[in-house]
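Asks: predicted model, plus sequence, below.
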Amino acid sequence: MRRPVHVALIHWPVHDSTGAIVVTNVTNFDIHDIARASRTYGVEKYFIVNRMKEQLSFVARVLDHWRVKTGSKYNPKRKAALDMVELKETLEQVIESFPERPMVISTSARDRGIPRLSFKEVREEIWNSGSTQPILLVFGTGFGLAQSVFDQCDALLEPMKGASHDDYRHLSVRSAVSICLDRLLGT
């Protein structure tokens, strides 16, 4: 039996290109594409985290369209994916929503002062540890997560590296989530 896996996409607190702490906007693509990848790989819940009420209202309207309005009849598969989306204002709220504190694992290319685990190690934790403690995979938007997010994490997932000759690593968060889910949950 594998451990339950959840995904959180953090829009605050994150850095902008100058290093300032900001709130980023939720994109329609991130709502749909990450929900679809999460549903495909058996993720239990996909949390969208943003402290701006206007942003959460936007996401709620999109979800409402696909869950109960015209979209639910037009594309039932999209409805099935979006049914797993939950909105929270903070990572703390996400963590507190679990009956048992999840193992919180984030991504970062830089050292953050917390243990780093390989994809193989996290995959073993998910599939073979015998634990039922949930795992929460945390992804950031903008130019990276703020240190206060990492302070709530138990581990970092190793950075992804491709085969570019110049070590280019600038994926969309949608792509990064999909790659991570395939490496951790794919058969």
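Replies: That came through fine.

Asks: give me the mean pLDDT for the helix or strand containing Glu54.
Replies: Here Glu54 sits within helix 53-67, counting by DSSP states H and E. The average pLDDT within helix 53-67 is 96.

Asks: kindly report the same for stretch 156-165.
Replies: Here the average pLDDT along stretch 156-165 is 91.

Asks: off-centre distance for it?
Replies: The gap between where stretch 156-165 is centred and where its chain is centred comes out at 18 Å by C-alpha atoms, centre = their mean, to the nearest Å.

Asks: what lies in contact with the worst-scoring helix or strand of the chain on mean pLDDT?
Replies: Of all helical and strand segments in the chain, the minimum by mean pLDDT, DSSP states H and E falls on helix 70-74, at a mean of 83. Where contact means C-beta atoms under 8 Å, 6 or more residues apart in numbering, the residues beyond helix 70-74 that reach it are 65-66, 78-79. Every C-beta, even on glycine, is put in place using the N, C-alpha and C of the backbone.

Asks: specify which member of these is nearest to Glu92.
Replies: When the contacts of helix 70-74 are compared for distance to Glu92 (C-beta to C-beta), Trp66 wins out at 27.7 Å.

Asks: that older thread, buried ones in the least confident helix or strand of the chain?
Replies: Residues 71-72 are the ones in helix 70-74 that count as buried (16 or more other C-beta atoms under 10 Å).

Asks: coming back round to it: now tell me what touches the helix holding Glu54 from outside.
Replies: Judged by C-beta under 8 Å, 6+ apart, the contacts made with helix 53-67 from elsewhere in the structure are 11, 23, 25-26, 28, 31, 48, 50, 71-72, 75, 78-79, 82-83, 85, 87, 89.

Asks: list the ones among those residues that fall in helices.
Replies: Cross-referencing those against helices under DSSP state H gives 28, 31, 71-72, 78-79, 82.
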